[in-house]
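Engineer: Sharing a model that was predicted from the sequence below.
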Amino acid sequence: MTLWQRILRALEIGFEAVLGRARERGDKSEAFTIGVIALGAKLSKADGQVTRDEVRAFREVFHVPEDQHENVGMLFNLARQDVAGFDGYARRIARLFDPRSPELERLMACLFHIASADGEVSPPELDFLAFVADIFGWSAAEFERLALIYRQDLEDDPFIILGVERDADWETIRKAHRSLVREHHPDQLASLGLPDELMALADKQLARINAAFSRLKDLYTVPRLAED
């Protein structure tokens, strides 16, 4: 039975109950996936309309096999129709992880990917994301940084993506790049207990990190032996 089939069967008892069971079992992979489904579906309704691009982006978050598209679509629709508020989902998910943890940041990245899918993050969607980030332990200032990193409707800023100041020296930039590459490595994500299906978005973010590093190389006089 696939991850999607297991979750679909479990959802017969409701999203909140499934999250509770995942917490009891310590199954972070299943809980994380349900969190993206539940919050992603609610997010897509935040501005009053659900676009095909947002549904497509939801599928892009994971490596979803073609034969599982129907199951994933059913899960997304179930979450959209569920009467429970998104804040309840967010609080249950927050209790599974440490505040501002790498797992929760990955979840926020998934939500930003879905919100950006139709070309623009609307004000209601941004409010939704800020509320969830607050539940997950981020301050308003920290949320602004997350938004600048993960919003895909804005032009990439290499300094922000790498998390360095604009007057940073090359050694600082190089170390920041290496740290982020390690953080987004598939083995690191696997060690966090996140689902294998998340790798699609992780690969995309890693490409943005490497592109930002390459852009900054062009702005600095880089010592030959320190270019990597």
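Structural biologist: All right, it came through fine.

Engineer: all contacts plus neighbour counts: C-alpha atoms, from now on.
Structural biologist: OK.

Engineer: What's the end-to-end length of stretch 156-173?
Structural biologist: Using C-alpha to C-alpha, to the nearest Å, the end-to-end distance of stretch 156-173 comes to 16 Å.

Engineer: same thing with stretch 94-113?
Structural biologist: Note: stretch 94-113 ends 20 Å apart using C-alpha to C-alpha.

Engineer: For that stretch, what does the pLDDT average out to?
Structural biologist: Here stretch 94-113 scores 89 as its mean pLDDT.

Engineer: For this protein, give me the ranges with low pLDDT.
Structural biologist: For the chain, the stretches with pLDDT under 70 are 1-16, 22, 26-27, 47-51, 55, 62-64, 79, 82-84, 193-200, 221-228.

Engineer: And the helices in it?
Structural biologist: Applying DSSP state H to the chain gives helices spanning 3-10, 15-25, 28-44, 52-61, 69-81, 86-94, 102-115, 123-135, 140-150, 158-162, 170-183, 186-191, 199-219.

Engineer: just the ones you listed: most buried one?
Structural biologist: Most buried of the helices of the chain, by mean neighbour count (mean count of other C-alpha atoms under 10 Å): helix 28-44, with a mean of 24.

Engineer: Give me the domain ranges for this protein.
Structural biologist: Annotated domains of the chain cover 1-153, 155-228 [automatic domain parsing].

Engineer: so how far is residue 192 from the closest residue in space to residue 87 that isn't next to it in sequence?
Structural biologist: Distances taken as C-alpha to C-alpha, 6 or more residues apart in numbering place residue 132 nearest to residue 87, at 7.1 Å, with adjacent residues excluded. As defined by C-alpha to C-alpha, residue 132 lies at a distance of 21 Å from residue 192.

Engineer: same deal with residue 19?
Structural biologist: From residue 19 over to residue 192 the distance is 18 Å, taken as C-alpha to C-alpha.

Engineer: Ok, residue 121 next?
Structural biologist: If you go by C-alpha to C-alpha, the gap between residue 121 and residue 192 works out to 28 Å.

Engineer: more crowded one of these two?
Structural biologist: Per other C-alpha atoms under 10 Å, whichever of residue 121 and residue 192 has more neighbours is residue 121, with 21 against 13.

Engineer: In this structure that one contacts residue 113, no?
Structural biologist: No. Here residue 121 does not reach residue 113: they are 9.6 Å apart, not a contact under C-alpha atoms under 8 Å.

Engineer: overlap in contacts of those two?
Structural biologist: Listed as contacting both residue 121 and residue 113 by C-alpha atoms under 8 Å, 6 or more residues apart in numbering are residue 151.

Engineer: show me the contacts for the residue lying closest to residue 130 once chain neighbours are set aside.
Structural biologist: Sequence neighbours aside, residue 143 is the residue nearest to residue 130 in space, at 6.5 Å (criterion: C-alpha to C-alpha, 6+ apart). When contacts are counted by C-alpha under 8 Å, 6+ apart, residue 143 is found next to 130, 133, 134.

Engineer: Closest to residue 25 out of the residues you listed?
Structural biologist: residue 133 (24.8 Å; C-alpha to C-alpha).

Engineer: So that closest one versus residue 145, what's the distance?
Structural biologist: Distance of residue 133 to residue 145, computed by C-alpha to C-alpha: 11 Å.

Engineer: Kindly report the same for residue 122.
Structural biologist: Residue 122 is 17 Å from residue 145, by C-alpha to C-alpha.

Engineer: Done for today, thanks.
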